[in-house]
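[1] What follows is a protein structure lacking sequence information:
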């Protein structure tokens with residue numbers, strides 16, 4: 001079954017909603033277009049989130065990411081839009097999106113956007129010897 005570009009994100013029930021745990025997703029082939037030149041921009045997207053009731057379904061996420069291939073977008077705008085769409089769909093306790101764009105004109109750009117649900121506090125990190 002082929003995957004098609006689509007802005008429809010899907011979810012599935014969190015299998016451990018009583019526990020804070022982190023899901024990390026690495027998407028090394030994100031592509032959009034420069035809104036000024038029309039040339040392709042390439043980035044690696046790194047998503048980290050602590051789910052509440054739902055988790056993002058990866059096949060739908062892949063189609064969602066592909067839907068940006070022919071769209072012109074500034075790095076800052078597309079990063080924040082993707083985060084907003086994911087937060088609206090998944091309603092996580094916490095989510096961070098880090099978009100590391102490849103060099104363009106001798107400049108690398110990294111955009112980091114975060115969402116934290118009201119009242120949610122991260123658990124204290126444990127460092128073992």
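    Done, it's in. It should be emphasised that the depicted structure is a prediction, and the values quoted were computed from it without experimental measurement.
[2] ok, and residue 46, which helix or strand is that part of?
    strand 40-50 (DSSP states H and E).
[3] Please state the offset of that strand from the chain centre?
    Mean C-alpha position of strand 40-50 versus that of the full chain (CA atoms, centre = their mean, to the nearest Å) differs by 5 Å.
[4] Who are the packing partners of that strand?
    With contacts taken as 3 or more CB pairs under 8 Å, 6 or more residues apart in numbering; DSSP states H and E, strand 40-50 sits against strand 23-33, helix 75-90, strand 94-104. All C-beta atoms are positioned from the backbone trio N, CA, C, and that covers glycine.
[5] quick one: which of the ones you listed is nearest residue 40?
    Set against residue 40 and scored by CB to CB, the helices and strands packed on strand 40-50 come closest in strand 23-33, at 5.5 Å.
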